[in-house]
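1. quick one: sequence plus predicted model below, questions after.
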Amino acid sequence: MPTSIRIKLSIMMFLEFFIWGAWFVTLGTYLLHNLKATGVEVGVAFLTQSIGAIVAPFIVGLIADRFFSAQKILGVLHLAGAALLWRASQAPDFGSFYPNILSYMVLYMPTLALVNSVAFRQMKDPQKEFAPIRVLGTLGWIIAGLTIGWLSWEQTNNLQATFLMAAGASAILGVFSFLLPATPPMKSGQAGASLGSMLGLDAIGLLKNRSYLIFFLASIAICIPLAFYYGFTNPFLNEVGMKSAAGVQSLGQVSELLFMLAIPLFFSKLGVKKMLAIGMGAWVLRYLFFAYGDGLGNYWMLIVGIVLHGVCYDFFFVTGQIYTDNLAGDQFKSAAQGFITLATYGVGMLIGTLLSGRIFDNYQLADGAHNWRMIWLIPAGIAAVVLLLFLLLFRERARQGQLTETETPYTPTSLAPAG
């Protein structure tokens with residue numbers, strides 16, 4: 001890959017995740033303190049991510065795979081997103097805040113698949129080339145968190161500024177996207193395509209592969225406990241007395257960055273099943289550390305729980321993206337990435353956000369504090385069950401992370417029933 005293209009893709013990833021990290025980490029704290037929202041309303045706000053993820057495969061499959069270049073769609077979505085983030089920052093209450101953030105997430109979530117599509121289309125060997133570029137996205141998230149902590153926006157009750165910062169970055173990426181490598185549609189000019197094909201639902205055929213079906217279901221289930229982390233970690237850390245919690249949370253992204261650089265080595269040595277299992281096991285440990293940690297003698301448990309985020313994310317999500325790209329045929333890479341986004345940030349997070357908000361409210365104490373031990377033990381138990389079932393049911397036919405003849409890249413006929 002030419003150096004100029006690698007630099008452009010790296011900038012794209014940096015801005016993509018800087019935008020998300022700039023407001024998403026502290027969203028729960030902002031809603032609870034600034035807009036006086038309930039735990040259920042916090043869950044509903046995070047649910048917008050799931051709604052956007054459910055819409056994403058349709059936008060990506062219908063538009064990016066068929067009619068328009070992915071980088072141009074990316075630019076339009078981020079320019080519109082910048083306006084919506086600014087409007088969200090001006091909302092005086094949850095009722096007026098919610099429509100703006102819902103509209104924004106419907107536009108933002110498809111961009112996660114689009115940046116992957118733009119990147120993968122420039123690569124000859126994604127297993128080696130993707131991680132060093134994707135790691136810049138992690139760096140973007142880190143810089144966003146450190147900026148919030150450095151400016152003390154949590155302590156000064158100025159989290160409204162996070163949305164303005166994200167809006168500015170979104171506008172920059174919107175303009176920059178038009179300078180990215182051309183990523184034309186793979187299926188342009190096809191006639192007589194079915195409605196399912198036009199919507200990018202060809203990727204559903206991946207589920208006829210038993211191994212991928214188990215992975216897909218595990219992706220949905222493991223994102224239920226993930227919703228607890230996204231929605232309530234920042235309020236939890238602030239409540240137990242951690243200073244500059246958003247900045248400290250960026251340690252999770254530092255860990256993510258370091259592990260991501262090692263993904264090619266781990267992938268070749270461990271293979272898909274062990275990588276995914278380690279990621280899910282780290283989820284269990286993270287929530288146990290949160291359950292028994294505090295701002296005093298067990299402060300170290302909070303730090304370890306945060307640092308485990310790198311293992312949780314890289315070993316499951318990045319491995320899953322590569323695994324999906326390996327199995328998807330060339331014509332369906334964009335749709336396949338949107339499809340796995342549907343499973344994780346869509347269905348799984350939808351269930352998790354609804355559940356986590358109710359549990360948060362149920363374990364609120366009379367003095368306004370919360371029984372955080374129980375709040376964290378519940379997702380720990382869910383993750384443990386998912387890990388056990390995955391280990392029992394997933395069968396990896398490939399060795400050393402490579403595909404075999406029984407795990408060939410997907411085409412509409414390769415997974416079709418015989419006859």
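-> Perfect, thanks for sending it.
2. low-scoring stretches of the stretch 1-150 of the chain, by residue?
-> 57, 59-66 (pLDDT under 70).
3. contacting residues around stretch 35-46?
-> 27-28, 31-32, 91, 93-94, 97-98, 101, 227, 230-232, 349, 353-361, 364 (C-beta atoms under 8 Å, 6 or more residues apart in numbering). (C-beta placed from N, C-alpha, C; glycine too.)
4. what's the distance between the most centrally placed residue in the chain and residue 122?
-> For the chain, residue 345 is the residue whose C-alpha lies nearest the centre (C-alpha atoms, centre = their mean; 6.2 Å). Per C-beta to C-beta, to the nearest Å, residue 345 is found 24 Å from residue 122.
5. how about residue 74?
-> Noted for residue 74: a distance of 14 Å to residue 122, by C-beta to C-beta.
6. the two: who's more crowded?
-> Taking other C-beta atoms under 10 Å, residue 74 and residue 122 do not tie; residue 74 has more neighbours (26 against 19).
7. what sits against the more buried one?
-> 12, 111, 114, 115, 118, 173, 177, 180.
8. what's the answer for residue 133, then?
-> 6, 9, 10, 13, 119.
9. let me know whether the second one touches residue 117 as I believe.
-> So the one you mean is residue 9. No. Look at residue 9 against residue 117 with C-beta atoms under 8 Å: they stay out of range, at 11.4 Å.
10. just to revisit the earlier point, looking at the contacts of stretch 35-46, which are in strands?
-> With DSSP state E as the criterion, strands contain none of the contacts of stretch 35-46.
11. and the buried ones among these, selectable in ChimeraX?
-> ChimeraX command restricting these to the buried ones, with burial defined by 16 or more other C-beta atoms under 10 Å:
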select :27,28,31,32,91,94,97,98,101,227,230,231,232,349,353,354,355,356,357,359,360
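12. which of the contacts of stretch 35-46 fall within helices?
-> 27-28, 31-32, 94, 97-98, 101, 227, 230-232, 349, 353-361 (DSSP state H).
13. how many other residues sit next to residue 182?
-> Other residues close to residue 182 by other C-beta under 10 Å number 11.
14. how much space between it and residue 337?
-> Counting by C-beta to C-beta, the gap from residue 182 to residue 337 is 18 Å.
15. what's the answer for residue 134, then?
-> According to C-beta to C-beta, residue 134 stands 12 Å off from residue 337.
16. over to residue 255?
-> Using C-beta to C-beta, we find residue 255 at a distance of 24 Å from residue 337.
17. looking at these two, which is more packed in?
-> residue 337 (29 against 22).
18. that one - nearest residue in space that isn't next to it in sequence?
-> With sequence-adjacent residues excluded and distances taken as C-beta to C-beta, 6 or more residues apart in numbering, residue 337 is closest to residue 113, at 4.3 Å.
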